[in-house]
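Colleague: Only the shape, not the letters, is given here:
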């Protein structure tokens, strides 16, 4: 399965940079739409949940699930549930690829591309300087889950 079934006793995987929250699509995530999540969750995510097939090039569906509002991500505040395909021109197959694409970026900007070709562009310098401040403001202790350290 591309989108795993429920996981128990396992904290969710996540990575936060520049106020952008990334995480894999899971059944646990889908259930955030309530008891009838299979009727109320976004159609695109439901299609991936039902029909998605795991391949070598696509091991997980990586979402930009939410944006923590800050001046460095202004204009992107209302974005949620984007399926991420590329970061800094690197194809994203799983969460570890995403983290690596951000950390090894040599350019001036972080360029995040979703499955429809929409791009989010953030200044790498501002992201590096202000990410910790954003985490503090939103009372988040770590920029990533333990599985990504």
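Modeller: Done, it's in. Only a predicted model underlies this, so the values are computations on that prediction, with no experimental measurement involved.

Colleague: now the closest residue to residue 77 other than its chain neighbours: how far from residue 15?
Modeller: Spatially, and ignoring its direct neighbours in sequence, residue 77 is nearest to residue 69 (4.6 Å; CB to CB, 6 or more residues apart in numbering). All C-beta spots, glycine's among them, are computed from the backbone N, C-alpha and C. Taking CB to CB, to the nearest Å as the measure, residue 69 falls 18 Å from residue 15.

Colleague: more neighbours, these two?
Modeller: residue 15 (20 against 15; other CB atoms under 10 Å).

Colleague: Who is that one paired with across the strands?
Modeller: residue 22, residue 144 (DSSP bridges).

Colleague: Find the residue at the geometric middle of the protein.
Modeller: residue 22 (1.9 Å; CA atoms, centre = their mean).

Colleague: wait, isn't it in contact with residue 15?
Modeller: Yes. Counting by CB atoms under 8 Å, residue 22 touches residue 15, with 4.8 Å between them.

Colleague: can you list residues touching both of these two?
Modeller: 95, 98 (CB atoms under 8 Å, 6 or more residues apart in numbering).

Colleague: Just the terminal-to-terminal distance for stretch 96-110.
Modeller: Using CA to CA, to the nearest Å, one end of stretch 96-110 lies 16 Å from the other.

Colleague: Same check on stretch 28-41?
Modeller: 12 Å.

Colleague: Stretch 35-46 now?
Modeller: 15 Å.

Colleague: buried ones in that stretch?
Modeller: 37, 41, 45, 46 (16 or more other CB atoms under 10 Å).
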